[in-house]
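In: Predicted coordinates and the sequence they were generated for:
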Amino acid sequence: MNYLQDIKYKGNVFPIPYTIFSPNQEANLCFEHETVSKNWKEDFTYTINSKGFRFKEEDKPKTICFVGCSHTFGHGLPQDKIFPELVTQKLGNNWQCINLGFPGSGPDSQMINLSWALNVYDIDVVVWYMSAPMRQTVKKDFIHTFVPPTADFLETKKEKDSFLKSVVELEETTYLKTYWQVYSMLSFLKTKNIKTYYKCWDGLFHAEIQNVLKDLNITEFTDMKNIDLARDDAHKGPESHKWFAEKILEVMHEI
């Protein structure tokens, strides 16, 4: 079985939009070492479009943009079973789904990709299922995803220990900077009159951002329920995505 080729960037020119996948490709696996459950019966392929994301490039009158990490990407699931596709289908044939989710993305890359999409597409609705304040980290001219507590992009134990120590010491600063950045992005969406639905699956950060959601009149939706598992036995499965799509649609009744 083949797996999606990732894209590596070198030098000081950082990519916008940022994605970990090379464009225009299909593969059976997302990553080389992706787990495939013995209980999973349905074969499928991941399809990456010309922008490096997992959505069909169509021309529709209205556009809904989904922002997030592997849950939004739909890691371990066929494309027609993931919540961005299910929500868009329920909205009707006039709606184009822009799915900017990819595995390991943090709020920093999610915000830069949303900024890019706002410049490229005429977006009517944003659904942002934000991940914890993990970050894309540059080391030796490469962009790596740092998901605490792993630091596999560093070679020696001394480097890893030093990096993790600095991350712990700067954790409150990271949350503060993310808080400010999220506030700025949500404020911008409000000034653009783009209906925005938001949820952070990191409980600590989501509790801290509640006053921002209230002040900016941002509609909150619930967290994804853990009903079943995807093919990789790690991410949430098709029934979880179906339930989640229904809950998102419930708070989108005004559309």
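Out: That came through fine. Numbers count the residues shown, from 1 in each chain.
In: Walking through the stretch 101-250 of the chain, point out its strands one by one.
Out: Assigned strands in the stretch 101-250 of the chain, in chain order: 125-130, 135-139, 142-146, 195-200, 219-220 (criterion: DSSP state E, counting those that start in this stretch).
In: would you turn these into JSON lines with mean pLDDT and mean neighbour count?
Out: From N, CA and C alone the C-beta is placed, and that goes for glycine too. Below are the strands of the stretch 101-250 of the chain laid out as JSON lines (pLDDT from 0 to 100; neighbours: other CB atoms under 10 Å):
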{"stretch": "strand 125-130", "mean pLDDT": "98", "mean neighbour count": "24"}
{"stretch": "strand 135-139", "mean pLDDT": "81", "mean neighbour count": "16"}
{"stretch": "strand 142-146", "mean pLDDT": "81", "mean neighbour count": "17"}
{"stretch": "strand 195-200", "mean pLDDT": "97", "mean neighbour count": "21"}
{"stretch": "strand 219-220", "mean pLDDT": "95", "mean neighbour count": "14"}
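In: any chance of those strands in a markdown table, plus distance to residue 97?
Out: Putting the strands of the stretch 101-250 of the chain into a markdown table (distance: least, CB to CB, whole Å) gives the following:
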| stretch | distance to residue 97 |
| --- | --- |
| strand 125-130 | 10 |
| strand 135-139 | 24 |
| strand 142-146 | 24 |
| strand 195-200 | 14 |
| strand 219-220 | 19 |
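In: Relative to residue 238, which of those is closest?
Out: strand 125-130 (16.7 Å; CB to CB).
In: got the angle between that closest one and strand 195-200?
Out: Taking axes from the mean of the first three to the mean of the last three CA atoms, to 10 degrees, one finds that strand 125-130 is oriented at 10 degrees with respect to strand 195-200.
In: Partner strands of strand 125-130 and their direction?
Out: With DSSP bridges as the criterion, the sheet partners recorded for strand 125-130 are strand 62-68 (parallel), strand 195-200 (parallel).
In: Give me the contacts around the last one.
Out: Going back to what we said before, that points to strand 195-200. Applying CB atoms under 8 Å, 6 or more residues apart in numbering, the external contacts of strand 195-200 come out as 124-132, 186, 189-190, 206, 209, 213, 218-223, 248, 251-252, 254-255.
In: Tell me the residue in this protein that is farthest from the middle.
Out: Ranked by distance from the centre of the chain (CA atoms, centre = their mean), the top residue is residue 158, with 31.2 Å.
In: for it, what are its contacts?
Out: Applying CB under 8 Å, 6+ apart, we find residue 158 in contact with no residue.
In: Same question for residue 167.
Out: For residue 167, the contacting residues are 146, 148, 174, by CB under 8 Å, 6+ apart.
In: would TSV of the residues you listed with distance to residue 71 be doable?
Out: Formatted as TSV, the entries for the contacts of residue 167 read as follows, by distance: CB to CB, whole Å:
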residue	distance to residue 71
146	18
148	17
174	21
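In: Before we move on, what's the pLDDT of residue 254?
Out: Per-residue confidence (pLDDT) for residue 254: 65.
In: what's the closest of the strands paired with strand 125-130 to residue 242?
Out: Comparing the strands paired with strand 125-130 by their distance to residue 242 (CB to CB), the top pick is strand 62-68, with 15.5 Å.
In: Buried residues of the closest one, list them for me.
Out: Judged by neighbour count (16 or more other CB atoms under 10 Å), strand 62-68 contains these buried residues: 63-68.
In: Stretch 158-170 too?
Out: 160, 163-164, 167.
In: Can you tell me which of those residues comes closest to residue 97?
Out: Checking these against residue 97 by CB to CB gives residue 167 as the nearest, at 34.6 Å.
In: tell me the pLDDT at the closest one?
Out: The pLDDT attached to residue 167 in the predicted structure is 85.
In: Report the separation between the closest residue to residue 107 other than its chain neighbours and residue 139.
Out: Leaving aside its chain neighbours, residue 107 sits nearest to residue 178 (5.2 Å; criterion: CB to CB, 6 or more residues apart in numbering). Applying CB to CB, to the nearest Å, the value for residue 178 to residue 139 is 20 Å.
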